[in-house]
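Engineer: sequence plus the predicted model coming up.
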Amino acid sequence: MSSFSALVGLSFSGAIGLTFLMLACGLEQFGVYWPLFVLIFYVVSPIPHFIAKRIGDDSDAASSACRELAYFFTTGIVVSAFGMPIILARINVIAWGACGLVLAGNAVIFLTILGFFLVFGRSDDFNWEQW
């Protein structure tokens, strides 16, 4: 798969995920914008990976403590992004329908982020300057 078609596919899936999130906020029967706080989790989730990649040693070992800690923090961030709308729906801040739309959007967005790292993070021959 070429990098251009991968980028187009990832941007399309990201747009679908954000559409689910905007529907959870903007539909008339839901009408509250509290679910938009999951955008913070979308921005924060790749940061532990970037830090571990920058700090980690250059060895090709199967596991390193820094990488494992980054996986742990990333997992905590992703689980929190799925838990927040459930908690908001449980205490009747948002409707359960909005919660379902946010959870669907979360699944699509986090799979898009994972796909980005799988497609563009696996080789060192990719250069951002070609875009």
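Structural biologist: Structure's in. What do you need?
Engineer: after the helix or strand of the chain with the lowest mean pLDDT, which helix or strand is next?
Structural biologist: Among the helical and strand segments of the chain, the one scoring lowest on mean pLDDT, DSSP states H and E is helix 47-55, with a mean of 88. Tracing the chain past helix 47-55, the next element assigned as helix or strand by DSSP states H and E is helix 65-90.
Engineer: and the following helix or strand past that following helix, what does it pack against?
Structural biologist: As assigned by DSSP H and E, the chain's next helix or strand after helix 65-90 is helix 96-120. For helix 96-120, the packing partners by 3 or more Cβ pairs under 8 Å, 6 or more residues apart in numbering; DSSP states H and E come out as helix 3-26, helix 38-44, helix 65-90. Where you see a C-beta, it was placed from the backbone N, CA and C, and this is true even at glycine.
Engineer: output those helices as CSV; include the columns mean neighbour count.
Structural biologist: Putting these into CSV (neighbours: other Cβ atoms under 10 Å) gives the following:
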stretch, mean neighbour count
helix 3-26, 15
helix 38-44, 16
helix 65-90, 16
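Engineer: residues contacting the least confident helix or strand of the chain, please?
Structural biologist: Around helix 47-55, the neighbours that count as contacts under Cβ atoms under 8 Å, 6 or more residues apart in numbering are 66-67, 69-71, 73-74, 77, 117.
Engineer: quickly note the distance from the residue nearest the centre of the chain to Leu27.
Structural biologist: With distances taken as Cα atoms, centre = their mean, the residue of the chain nearest its centroid is Phe110 (3.3 Å). As judged by Cβ to Cβ, to the nearest Å, Phe110 and Leu27 stand 22 Å apart.
Engineer: how about Leu10?
Structural biologist: Between Leu10 and Leu27 the distance is 26 Å, computed by Cβ to Cβ.
Engineer: compute the number of surrounding residues for the closest residue to Thr19 other than its chain neighbours.
Structural biologist: For Thr19, the nearest residue in space outside its immediate sequence neighbours is Gly105; the separation is 7.6 Å by Cβ to Cβ, 6 or more residues apart in numbering. Gly105 sits with 24 neighbouring residues when counted by other Cβ atoms under 10 Å.
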